[in-house]
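S.K.: Could you look at this predicted model? Sequence included:
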Amino acid sequence: GDSATYVFDVKNTGGIDLADIDLTDAMCDTVPSRTDDGDGDAVLAVGESWSYECDHTIVGGDGDPVHNVATVSGDHDGGTVSDTDSHDIDVLNPAIDLEKTADPASGTQGTPITYTYAVTNTGDTPLFDISVDDDILGHIGDITSLGVNQTTAVTAEITLGSSPITNIATAAGSDVLGLSV
């Protein structure tokens, strides 16, 4: 669902000027557009560079990593020259799991109950600044970072009153892009 912007720098490294420059990339959702053509004419002179851009919205069928190959070609009096280049985009799949347990699981009025909040990074990228909160007890604690498949637990205590306790905990943090998980 994220959009990636591909940026292409095309440079004439040969010994003859080129015309009819054509850049293609199957991963582009639209035809790549030229954002800079050096001196403003339609000829890619020796040593001159042109810039192109296109966007692509990543979908499940793109694979992980998203692999694409761009091809550029240009004509000169003696024929056509071309070159290709590739780039991979790593698709992040951030995920977090929270398991809350109570010890003891039941008791009489006045019994201290210790909640353990085990937070696991079940995604494929590190997570940062994880906040663990409980709708009854409030903010439980913070976890600075969690590596992939790493688990860290925080605890809190409450005293059992005359009514059963039903509380909900949440864990939320950020991935390497700063997006909420």
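M.R.: Yep, it's here.

S.K.: C-alpha from now on. contacts and neighbour counts both.
M.R.: Fine.

S.K.: Work out the gap between the helix or strand of the chain with the lowest mean pLDDT and the centre of the chain.
M.R.: Least confident helix or strand, the chain: strand 33-36 with a mean of 86, by mean pLDDT, DSSP states H and E. With CA atoms, centre = their mean, to the nearest Å as the basis, strand 33-36 stands 26 Å off its chain's centre.

S.K.: tell me which strands and helices the helix or strand following it is in contact with?
M.R.: Sequence-wise, the next helix or strand downstream of strand 33-36 (DSSP states H and E) is strand 49-57. Packing partners of strand 49-57 (3 or more CA pairs under 8 Å, 6 or more residues apart in numbering; DSSP states H and E): strand 3-11, strand 33-36.

S.K.: could you check the angle strand 3-11 makes with strand 49-57?
M.R.: For strand 49-57 against strand 3-11, the angle between stretch directions is 160 degrees (axes from the mean of the first three to the mean of the last three CA atoms, to 10 degrees).

S.K.: And strand 49-57, what's buried?
M.R.: 49-56 (16 or more other CA atoms under 10 Å).

S.K.: One more: stretch 96-116?
M.R.: Burial within stretch 96-116, assessed by neighbour count using 16+ other CA under 10 Å, is assigned to 96, 98, 100, 112-116.

S.K.: what pLDDT, on average, does stretch 37-51 get?
M.R.: In this model, stretch 37-51 carries a mean pLDDT of 88.

S.K.: CA atoms of it as PDB?
M.R.: The C-alpha trace of stretch 37-51 is given here as PDB (Å, rounded to 0.1, in the frame of the first residue of the first chain):
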ATOM      1  CA  ASP A  37      17.100  17.300 -19.100                       C
ATOM      2  CA  GLY A  38      20.300  19.200 -18.500                       C
ATOM      3  CA  ASP A  39      20.500  21.900 -21.100                       C
ATOM      4  CA  GLY A  40      16.800  21.800 -22.200                       C
ATOM      5  CA  ASP A  41      17.200  20.300 -25.700                       C
ATOM      6  CA  ALA A  42      16.100  16.900 -26.800                       C
ATOM      7  CA  VAL A  43      19.700  15.600 -27.200                       C
ATOM      8  CA  LEU A  44      21.500  13.800 -24.500                       C
ATOM      9  CA  ALA A  45      25.000  15.200 -25.200                       C
ATOM     10  CA  VAL A  46      28.200  13.400 -24.200                       C
ATOM     11  CA  GLY A  47      28.600  13.800 -20.400                       C
ATOM     12  CA  GLU A  48      25.100  15.200 -20.000                       C
ATOM     13  CA  SER A  49      22.700  13.800 -17.400                       C
ATOM     14  CA  TRP A  50      18.900  13.700 -17.400                       C
ATOM     15  CA  SER A  51      16.600  12.800 -14.400                       C
END
